[in-house]
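Undergrad: dropping a prediction and its sequence here:
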Amino acid sequence: MDLNPTTIAIPLYFFLMGIELLIDRYQNLKLYRLNDSITNINAGASQQVVAVLMHLIPISIYELVYHNFSFRWIETLNMPSWALFWLAFILWDFCYYWAHRMSHEVNLFWSAHVVHHQSEEYNLSVALRQSWFQGIWTSPFYTPMALLGFSTETVIYVSGINLIYQFWIHTEVVNRMGFLEYFMNTPSHHRVHHGRNPKYIDRNHAGVFIVWDRLFGTFQAEEERPTYGITSPVNSWNPVWVNFAHLELIWKQVQETPNFFDKIKLVFYPPGWRPAQQGGQQKVPEVSRDTVKKFDTAVKPKVAWYVVFQYIVLTVGIAFYLFEHAKFEIPLKLGGAGLIVLGVWTMGGFFENKKITYWFEYFRIAFTVGILGFCLKETAFFQNFMIAGTAYLLLSYFWLWKQK
């Protein structure tokens with residue numbers, strides 16, 4: 001089993017979302033939309049699955065520095081374990097502030113982090129909306145901790161706790177929190193961070209301690225409730241495509257930019273930068289919650305229920321994959337990840353009313369059952385799986401046929 005605190009906390013995430021949904025329903029806040037919420041969760045789930053395949057990149061960078069260049073200063077302090085934990089936790093949060101801030105201020109890094117900001121809603125499901133590739137760009141920012149001598153196990157643990165803390169601040173049901181607002185990151189502070197109002201852009205980058213923003217000039221108090229999302233909405237429910245949309249934009253802009261050095265600047269300068277002859281830095285447009293029209297698509301109720309059904313089945317599969325992947329051989333890891341990515345891709349297609357999705361879904365269902373059956377043929381679970389898998393295939397096909 002994966003002992004990463006982030007994975008273990010998954011049941012807690014869904015429990016808290018359930019509470020928020022009850023409050024939302026009771027107070028008629030309209031915080032959730034089905035297409036948006038499932039896209040958020042599927043983006044996060046697929047990110048966790050891709051991380052199983054890519055986690056060696058940031059970990060390898062950290063361990064390379066730790067084993068070859070570390071000063072092992074921490075070992076000379078002879079600190080008790082509790083003090084070492086808090087020191088590591090605070091230093092990690094400090095590094096996180098700069099990694100997060102640069103993810104907003106460097107266009108290439110923003111191409112990954114933008115996924116987390118694409119939702120035009122603000123609820124706990126948004127916390128789960130994460131990029132497949134962000135760890136590639138942010139991992140170097142934590143190498144100072146390797147130089148100081150913090151072990152890989154320690155940073156994995158404190159980073160998990162840090163990420164768990166950030167989950168609950170993605171909500172509108174909690175208002176100001178008194179004196180905690182002065183030094184802790186709170187829902188109010190983080191709502192600002194997700195706003196696309198000009199005064200809220202690139203503010204409040206903190207993970208746990210808002211003091212970093214106060215110290216380094218990026219703090220902004222919440223005044224009016226923000227308008228959420230990004231300045232150029234992605235307008236897609238596809239959890240796979242959203243990870244590549246900004247990279248495509250950068251590529252198009254690079255092709256449109258004639259000067260070589262301007263091409264380099266476009267990649268590493270802040271998002272929205274353009275050469276002077278192409279208009280210079282783009283201004284952030286004023287927005288209002290009352291006038292902004294959110295991206296939405298209408299689907300038939302029976303289609304929505306079909307997606308919910310497949311979402312539940314896929315979620316069970318994802319949970320199994322995340323908790324058991326350490327036992328898998330490389331081909332099974334790759335195959336399982338591929339099946340999950342196909343699943344979240346088709347859900348986005350249904351929400352976007354793409355006709356080809358219906359035909360592709362017939363293939364996906366059969367392919368999924370076939371591949372899993374092949375993988376399990378030598379196990380004690382094979383017979384039970386084939387019964388359940390056949391029932392799942394027939395029910396899915398019947399549901400698809402009824403939607404025509």
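TA: Thanks, I have the structure now.
Undergrad: how near is the closest residue to F295 other than its chain neighbours to W92?
TA: Of all residues not flanking F295 in the chain, N235 sits nearest, at 4.6 Å (C-beta to C-beta, 6 or more residues apart in numbering). Where C-beta positions appear, they are placed from N, C-alpha and C, glycine not excepted. The gap separating N235 from W92 is 35 Å, by C-beta to C-beta, to the nearest Å.
Undergrad: those two: which has the busier surroundings?
TA: W92 (23 against 14; other C-beta atoms under 10 Å).
Undergrad: got a pLDDT number for E329?
TA: E329 carries a pLDDT value of 85.
Undergrad: nope, K199 is what I was after
TA: So K199 comes in at 97 (pLDDT).
Undergrad: how about the most centrally placed residue in the chain, what does it touch?
TA: Nearest to the mean C-alpha position of the chain, by C-alpha atoms, centre = their mean, lies Q130 at 0.8 Å. Contacts for Q130 (C-beta atoms under 8 Å, 6 or more residues apart in numbering) come out as 43-44, 47-48, 115-116.
Undergrad: please redo it, this time with the cut-off set to 6 Å
TA: 44, 47, 116 (C-beta atoms under 6 Å, 6 or more residues apart in numbering).
Undergrad: what helix or strand is it located in?
TA: Counting by DSSP states H and E, no helix or strand carries Q130.
Undergrad: ok, and the closest non-adjacent residue to it?
TA: Nearest to Q130 is Q47, by C-beta to C-beta, 6+ apart, at 4.3 Å.
Undergrad: one more: I23?
TA: V173 (5.1 Å).
Undergrad: what about that neighbour, distance to N28?
TA: Applying C-beta to C-beta to V173 and N28 gives a distance of 12 Å.
Undergrad: so for the two, which sits in the more crowded spot?
TA: Legend: neighbour count by other C-beta under 10 Å for V173 and N28, higher for V173 (14 against 7).
Undergrad: that's a strand at the more buried one, yeah?
TA: No - membership of V173 in a strand is not supported by DSSP: H, G, I helix; E, B strand; the rest coil, which gives coil.
Undergrad: for it, phi and psi?
TA: The phi/psi pair for V173 (degrees, to the nearest 10) reads phi -80, psi -10.
Undergrad: P239 now?
TA: phi -70, psi -20.
Undergrad: number of nearby residues for it?
TA: P239: 26 neighbours (other C-beta under 10 Å).
Undergrad: now do the contacts for it.
TA: With C-beta under 6 Å, 6+ apart, P239 has these contacts: 39, 42-43, 46, 344, 348.
Undergrad: can you check E105 too?
TA: Contacts of E105 by C-beta under 6 Å, 6+ apart are P270.
Undergrad: and the pLDDT for it?
TA: 98.
Undergrad: could you check how far it is from A112?
TA: From E105 to A112 the distance is 13 Å (C-beta to C-beta).
Undergrad: just the helices from the stretch 251-400 of the chain, written as ranges.
TA: Taking DSSP state H, counting those that start in this stretch as the criterion, the stretch 251-400 of the chain carries its helices at 260-268, 301-324, 330-351, 355-375, 382-403.
Undergrad: which among those is found nearest to I169?
TA: When those are compared by C-beta to C-beta, helix 301-324 sits nearest I169, at 23.3 Å.
Undergrad: list the buried ones in the closest one?
TA: For helix 301-324, a neighbour-count test (16 or more other C-beta atoms under 10 Å) marks 303-304, 306-307, 310-311, 313-315, 317-318, 321-322 as buried.
Undergrad: just stretch 334-343 next, same as before
TA: Neighbour count says stretch 334-343 has 335-337, 339-343 buried, by 16+ other C-beta under 10 Å.
Undergrad: okay, the residues you listed in CSV with pLDDT and distance to A206 next?
TA: Shown next, in CSV, are these (pLDDT from 0 to 100; distance: C-beta to C-beta, whole Å):
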residue, pLDDT, distance to A206
G335, 91, 39
G336, 92, 35
A337, 93, 32
L339, 95, 37
I340, 95, 32
V341, 95, 32
L342, 96, 37
G343, 96, 34
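Undergrad: of those residues, closest to T152?
TA: A337 (23.2 Å).
Undergrad: the closest one and Q48 touch, don't they?
TA: No - applying C-beta atoms under 6 Å as the test, A337 and Q48 come out as separate, 10.1 Å apart.
Undergrad: tell me where the stretch 1-150 of the chain is predicted with low confidence.
TA: Along the stretch 1-150 of the chain, the model assigns pLDDT under 70 to residues 1-4, 7, 56.
Undergrad: for the stretch 251-400 of the chain, give me the ranges with low pLDDT.
TA: Scanning the stretch 251-400 of the chain for pLDDT under 70 picks out nothing.
Undergrad: dump the residue contacts of N197.
TA: N197 neighbours (C-beta under 6 Å, 6+ apart): 226-227, 287.
Undergrad: 8 Å - rerun?
TA: 224, 226-227, 286-287.
Undergrad: what does G349 give?
TA: By C-beta under 8 Å, 6+ apart, the contact set of G349 is 238, 356-357, 360.
Undergrad: quick one: which of those has the most company?
TA: N238 (22 neighbours).
Undergrad: ok, that one touching F350?
TA: No - assessed by C-beta atoms under 8 Å, N238 is found out of contact with F350, at 10.4 Å.
Undergrad: from the contacts of G349, which single one is nearest Y165?
TA: For the contacts of G349, the nearest to Y165 is N238 (29.6 Å; C-beta to C-beta).
Undergrad: quote the end-to-end distance of stretch 112-128.
TA: 14 Å (C-alpha to C-alpha, to the nearest Å).
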